[in-house]
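In: with the input below, show me the fold.
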Amino acid sequence: MHDLGIVIVNWNTREFLRRCLETVVLSSGIDRYRAIVVDNASTDGSVEMVRQLFPQVEVIVNDANIGYPRANNVGLRHLGYRAAGDVAETAPRYALLLNPDTELPRDALSRMVSFMDSRPDIGAAGPKLLLADGSLDKACRRGFPTPLVSFYHYSGLARLFPRNRRFGRYNMTFADEDAELEVDSVVGAYMQVRRAAIERVGLLDEVFFMYGEDIDWAFRIKEAGYKVWYHPAVTVRHFKRAASRKNPKAQFEFWRAMLIFYRKHFRRTTFFPLHLLILTALLFKGGPGLWQEIRNPKATQ
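Out: Down below sits the predicted model:
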């Protein structure tokens, strides 16, 4: 059994992917791992590059851009994680979702595995992510976007009072970025998940197309009794939105993901007047394209 199975979903990020894989194959302290690139019908020569330069990396080529969670599930199934209650004996002890626009220190993989080995109560974990300018990628430690937490964030209260534990919950801005802490979710750019947790909750929800699927996975992992932790002793560089900035649907899909997450986890406990207010706010932020999604709940269930 491998210690780690790495799934990298790629869509037209050839040069970022090349650099990411260079750092993966140079990793030290971890020998038993598999790396899989799942390509969403790139047209920039990504697949040819991987096959030529990284023969030790497995490649799966999709016929179309099937989205981030669905493509990750293709890779996860290839590793043996088939569904809740159905995990092959050969599936690695940990699965890692890794974005192609990340660069790893040599010891990142081994230290993250060691960290989770030392804490069997942790179902998922992520490192500190730094953007190209050296600042913290705030998405690497997050609170769940409940209606109240989202209100604090989008109303501006989080910016006014970033150190307040109530108002700063969305991006955990109340905590020192170098402080190890339990969080609601880490980001799918580097999200390491325990095999036993996947066996309990299953794979990513393919109703999402991009955005939100990692938060939803963390939500289900925590519901299953595991913890999610931010581990800043390991630092990874993240050249954020290398693929999404090329996708004209990215902004719409972000707000669609918020709608799906709200409906899936909070609609049943939200009073109707507040429900209407939330839908109005989502429509305002997501634009006219979100109206069809709001009118047709079956499209986002």
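In: in stretch 44-57, what's buried?
Out: Buried positions in stretch 44-57, judged by neighbour count with 16 or more other Cβ atoms under 10 Å: 46-47, 49-50, 54, 57. For the C-beta atoms, the positions are set from N, CA and C on the backbone; glycine is no exception.
In: how far off centre is it?
Out: 24 Å (Cα atoms, centre = their mean, to the nearest Å).
In: residues contacting it, please?
Out: Judged by Cβ atoms under 8 Å, 6 or more residues apart in numbering, the contacts made with stretch 44-57 from elsewhere in the structure are 10, 12-14, 17-18, 21, 24-25, 35-37, 39, 59, 61.
In: select only the buried ones of the residues you listed in ChimeraX?
Out: Restricted to the buried members of the contacts of stretch 44-57, where burial is judged by 16+ other Cβ under 10 Å, the ChimeraX selection command reads as follows:
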select :10,12,13,14,17,21,24,35,36,37,39,59
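In: looking at the contacts of stretch 44-57, spot the one nearest residue 112.
Out: The shortest distance between residue 112 and any of those, using Cβ to Cβ, involves residue 24 and amounts to 12.6 Å.
In: let me see the contact set for that closest one.
Out: Taking Cβ under 8 Å, 6+ apart as the contact definition, residue 24 lies against 6, 35, 57, 98, 104, 109.
In: what's the distance between the second one and residue 6?
Out: Between residue 35 and residue 6 the distance is 4 Å, computed by Cβ to Cβ, to the nearest Å.
In: now the strands for the stretch 1-150 of the chain?
Out: 4-10, 33-39, 58-61, 81-83, 86-87, 94-98, 102-103, 122-130 (DSSP state E, counting those that start in this stretch).
In: from the contact counts, what lies against the second one?
Out: Strand 33-39 is packed against strand 4-10, helix 14-25, helix 46-53, strand 58-61, helix 68-79, with contacts defined by 3 or more Cβ pairs under 8 Å, 6 or more residues apart in numbering; DSSP states H and E.
In: of these, which approaches residue 219 most closely?
Out: When these are ranked by distance to residue 219, counting by Cβ to Cβ, first place goes to helix 68-79 at 13.7 Å.
In: quick check: mean pLDDT across the closest one?
Out: Helix 68-79 comes out with an average pLDDT of 98.
In: longest strand anywhere in the protein?
Out: Longest strand in the chain by number of residues (criterion: DSSP state E): strand 227-238.
In: parallel or antiparallel, which strands does it pair with?
Out: strand 102-103 (antiparallel), strand 122-130 (parallel), strand 181-183 (antiparallel) (DSSP bridges).
In: just name the most buried of these.
Out: Per-stretch averages of neighbours, counted by mean count of other Cβ atoms under 10 Å, single out strand 122-130 among the strands paired with strand 227-238, with a mean of 24.
In: what's that strand in contact with?
Out: Contacts for strand 122-130 (Cβ under 8 Å, 6+ apart): 102, 108, 112, 115-116, 136-137, 139-141, 177-178, 186-187, 189-194, 196-197, 217-218, 221-222, 224, 226-238.
In: of the residues you listed, just the buried ones, PyMOL syntax please.
Out: With 16+ other Cβ under 10 Å as the burial test, the buried ones among the contacts of strand 122-130 are selected in PyMOL as follows:
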select buried, resi 102+108+112+115+116+136+137+139+140+141+177+186+187+189+190+191+192+193+194+197+217+218+221+222+226+228+229+230+231+232+234+236+237+238
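In: fine by me, thanks again.
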